[in-house]
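In: A predicted structure for the sequence below; I have some questions about it.
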Amino acid sequence: MKILVFAHQLEVGGTQVNAIELTTALRDLHGFDVVLFATPGPMVTLAKEKGLRYLPAPDARFHPSPKIARVLREAVRSERPDLIHAWDWWQCIDAYYAVHLCMRVPMVVTDMNMQVTRLLPKGLPTTFGTPELVDQAKTTGRRKVELLLPPVDVHLNAPKAVDSRAFREHYGLKDEDITLVTVSRLASFMKAESLARTIEAVRILGHDFPLRFVIVGDGKARIGLERLADATNAELARPAVIFTGALLDPRPAYAAADIVVGMGGSALRGMAFGKPVIIVGEQNFSIPFKPETSEFVYYKGMYGLGDGSPSNVPLETDIRGFVENPDHLPALGDFSRQFVLKHFSLEVVSSQLAEICRGAATEMPPLYVTAADGLRTAAVYLRERRFLTPSRDPGPIQRLAKMGGAQ
């Protein structure tokens, strides 16, 4: 069976890693013939390291994109795949109208967003990343929904997989430091709020504890975050917050961490390294991963929405709880890794995806059903385009600055 995987632009990000690793696992563990189709970016390097056949897609600002549709149709005519596996709504929309509807190529779509995307066609086999989202999708009338948890390569991401000494020396991390690590795109959407709040927590707690906060990643929010970091470092009279920029291999940072603060795949990779993890989200959400919170986290996912309070006390309390009880951290780290091994390992998740793909390749609906679903999707798209306009919200970094933190 041959699959053409239509992934995100290959910038540095968790979903891109998921797509590349799962595609490789389908080939190596399950015998699929695979080809990766995506807009070029830095993660092409990882795809080539995995030995994946890679076809470059055009870049596009809007979807559906005529130029992507043209190149995708050419790829399908050349490769003759049995199935298209599209990652998230914009790839889904391009592939749906270009090849699923017009060329009758079966499709499966993986949606790793933290809410059910109404725009997705309802009749497509669709995977979601948490049990809660699967339940929500079913209530909206979606018939072909499956759970596909974010995968983690538990061999590459493991307590002794890499040596952190060179990383620690390069960034001046001392043995007596308590090192917090975040690996994240520095994007205003979803990411910036928790990053800014963690910097603020370090500013407050750094007077009592030798905290160092290492931020691995890059993006448009970096300038604003660096302003907060500079003010924090000036107040504490030491480099408490440091930026490494984006790293194609962030594993030395995970290995160097005493505590990982993050969401999604970043939190899971920290757990795979056997680190205690604080899961963050938006609207002042944070939760420490512990045995008593694991069931909640499994159902909801590695992300959440809080009560929107401007207070940063919850995150400060979670960090303080770990820092003040260092003897508990190794056991929490061990529990975290076992949780990932059980539910999120690449072997487990790729086996589930292989079964989903086999089923989807043999379940092509009639043309009139596909066309009607396409009309519904087009209507939703046209009705909701207004949500693509820029927000007038000043942004999480500016809002945090008004809390009385780093000015």
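Out: Right, received. Where do you want to start? Residues are numbered from 1 along each chain as shown.
In: Only C-alpha atoms from now on, for both contacts and neighbour counts.
Out: Fine.
In: can you give me the helices for the stretch 51-200 of the chain?
Out: Applying DSSP state H, counting those that start in this stretch to the stretch 51-200 of the chain gives helices spanning 66-79, 88-95, 131-139, 165-170, 192-205.
In: Show me which positions of the third one end up buried.
Out: Put plainly, it is helix 131-139. 131-135, 137 (16 or more other CA atoms under 10 Å).
In: so where is the stretch 251-400 of the chain shaky, pLDDT-wise?
Out: Low-confidence segments of the stretch 251-400 of the chain (pLDDT under 70): 368, 373, 384-400.
In: Strands of that one, start to end?
Out: Here the stretch 251-400 of the chain has its strands, by DSSP state E, counting those that start in this stretch, at 259-262, 277-280, 286-288.
In: how about the ones you listed, which one is nearest residue 243?
Out: Residue 243 lies closest, by CA to CA, to one member of these: strand 259-262, at 14.6 Å.
In: surely residue 332 meets residue 290?
Out: Yes - counting by CA atoms under 8 Å, residue 332 touches residue 290, with 6.5 Å between them.
In: Settle it for me: which of those two has more neighbours?
Out: residue 332 (20 against 17; other CA atoms under 10 Å).
In: Find the nearest non-adjacent residue to residue 43, please.
Out: Spatial nearest neighbour of residue 43, chain neighbours left out: residue 10 (4.9 Å); criterion: CA to CA, 6 or more residues apart in numbering.
In: what sits against residue 12?
Out: Residue 12 sits next to 41-43, 185, 246, 248 when contact means CA atoms under 8 Å, 6 or more residues apart in numbering.
In: likewise residue 86?
Out: Counted by CA under 8 Å, 6+ apart, residue 86 has contacts 5-7, 92, 95, 107-110.
In: from those residues, which is closest to residue 229?
Out: Taking CA to CA as the measure, residue 229 lies nearest residue 7 of those, at 33.8 Å.
In: and the closest one, how many neighbours does it have?
Out: Residue 7 has 24 neighbouring residues, counting by other CA under 10 Å.
In: Residue 341 too?
Out: The burial count for residue 341: 18, using other CA under 10 Å.
In: my read: it touches residue 154, true?
Out: Yes - taking CA under 8 Å as the definition, residue 341 is a contact partner of residue 154 at 6.9 Å.
In: Overlap in contacts, the two.
Out: Residues touching both residue 341 and residue 154 by CA under 8 Å, 6+ apart: residue 272.
In: Domains in this structure, by residue range?
Out: Following automatic domain parsing, the chain resolves into domains at 2-151+346-365, 165-343+394-401.
In: Over to the shortest one now: how far is its first residue from its last?
Out: Between the start and the finish of domain 2-151+346-365 there is a gap of 19 Å, counting by CA to CA, to the nearest Å.
In: how close does the residue nearest to residue 43 sit to residue 151?
Out: 17 Å.
In: Would you mind giving the strands of the stretch 251-400 of the chain as JSON lines with distance to residue 32 added?
Out: Converted to JSON lines, those look like this (distance: least, CA to CA, whole Å):
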{"stretch": "strand 259-262", "distance to residue 32": "33"}
{"stretch": "strand 277-280", "distance to residue 32": "35"}
{"stretch": "strand 286-288", "distance to residue 32": "38"}
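In: If we go by neighbour counts, what in stretch 230-246 is buried?
Out: Using 16+ other CA under 10 Å, the residues of stretch 230-246 that count as buried are 230-233, 235-236, 239-243, 245-246.
In: Show me the contact partners of stretch 371-379.
Out: Under CA under 8 Å, 6+ apart, the answer for stretch 371-379 is 96-97, 101, 119-123.
In: Tell me how far the residue nearest to residue 43 lies from residue 64.
Out: Counting by CA to CA - residue 10 and residue 64 are separated by 18 Å.
In: Please say which of the two ends up with more neighbours.
Out: Taking other CA under 10 Å, residue 10 and residue 64 do not tie; residue 10 has more neighbours (23 against 18).
In: For that one, give me its contacts.
Out: 16, 38-44.
In: Inside helices: which ones of these?
Out: Counted as lying in helices by DSSP state H, out of the contacts of residue 10, are 16, 44.
In: Tell me which of the strands of the stretch 251-400 of the chain lies nearest to residue 146.
Out: strand 277-280 (24.1 Å).
In: wait, residue 270 sits on residue 277?
Out: Yes - counting by CA under 8 Å, residue 270 touches residue 277, with 6.8 Å between them.
In: what touches both of these two?
Out: residue 260.
In: what's the neighbour count on residue 291?
Out: 12.
In: what's around the closest residue to it other than its chain neighbours, how many residues?
Out: Nearest non-adjacent residue to residue 291, counting by CA to CA, 6+ apart: residue 335, 7.4 Å away. By other CA under 10 Å, the residues close to residue 335 number 21.
In: how much space between the closest residue to residue 307 other than its chain neighbours and residue 157?
Out: Nearest non-adjacent residue to residue 307, counting by CA to CA, 6+ apart: residue 283, 6.0 Å away. Separation of residue 283 from residue 157 (CA to CA) stands at 30 Å.
In: Among the two, which residue is more densely surrounded?
Out: residue 157 (23 against 17).
In: and the contacts of residue 12, which of them are in strands?
Out: Under the assignment DSSP state E, the contacts of residue 12 contribute nothing to strands.
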